[in-house]
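Colleague: got a predicted model here, sequence first, then my questions.
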Amino acid sequence: MTDLVVWHDGDCPLCRREIALMRRLDRRGAITFVDATDPDATCPIDRRDLLARFHAREDGTMLSGAAAFAAMWRAIPMLRPLGLLARNGTALRLLERAYLGFLVVRPRLQAALRGRQAGERGR
């Protein structure tokens, strides 16, 4: 089994939802999830850099962006084929381009989700 640590932004509603799903899918407990917004969390790089992009450490190697997602997918049996596909350089480059596009719209998606959650609490 690989040694996999995933750092995530616990203040981000999108990230919280995605990590909750990954925790449910990680039935073997193969992934250590770390909320990088927790002041007590150990961060291997600058916390701001860690929160700006998705990061993981797989077998001692730090990964970010699509490569970090692929490492997480490889640790989850249902998603493993997608993670293995991402070992192909062309596939990983395409996934990274998609991830970079997501980073552009992420702030708007976060704001929309926060607004929706606030509206639901106000009911």
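Modeller: Structure's in. What do you need? These numbers come from a predicted model, not from an experiment.

Colleague: contacts, neighbours, all on C-alpha from now
Modeller: OK.

Colleague: now do the spatially most central residue of the chain against Phe102, distance only.
Modeller: When C-alpha atoms, centre = their mean is applied to the chain, the residue found nearest the centroid is Phe54 (4.8 Å). In this structure, Phe54 lies at 12 Å from Phe102, with C-alpha to C-alpha, to the nearest Å as the measure.

Colleague: packing partners of the helix or strand bottoming out on mean pLDDT in the chain?
Modeller: Evaluated with mean pLDDT, DSSP states H and E, the helix-and-strand set of the chain has its lowest mean pLDDT in helix 89-121, which scores a mean of 87. For helix 89-121, the packing partners by 3 or more C-alpha pairs under 8 Å, 6 or more residues apart in numbering; DSSP states H and E come out as helix 13-25, helix 66-74.

Colleague: and it, how far from the chain's centre?
Modeller: Helix 89-121 has its C-alpha centroid displaced from the chain centroid by 11 Å (C-alpha atoms, centre = their mean, to the nearest Å).

Colleague: kindly report the same for stretch 46-56.
Modeller: On the basis of C-alpha atoms, centre = their mean, the separation between the geometric centre of stretch 46-56 and that of its chain is 10 Å.

Colleague: repeat that for stretch 63-72.
Modeller: Centroid separation for stretch 63-72 versus its chain: 8 Å, with C-alpha atoms, centre = their mean.

Colleague: and what of stretch 50-64?
Modeller: Counting by C-alpha atoms, centre = their mean, stretch 50-64 is centred 9 Å from the centre of its parent chain.

Colleague: contacts for that stretch next, please.
Modeller: 2-9, 36-37, 43, 65-66, 68-69, 71-72 (C-alpha atoms under 8 Å, 6 or more residues apart in numbering).

Colleague: any of the residues you listed buried? List them.
Modeller: 4-9, 36-37, 43, 65-66, 68-69, 71-72 (16 or more other C-alpha atoms under 10 Å).

Colleague: out of these, which is nearest to Pro107?
Modeller: Relative to Pro107, the closest of the buried ones among the contacts of stretch 50-64 is Asp9; by C-alpha to C-alpha it sits at 12.7 Å.
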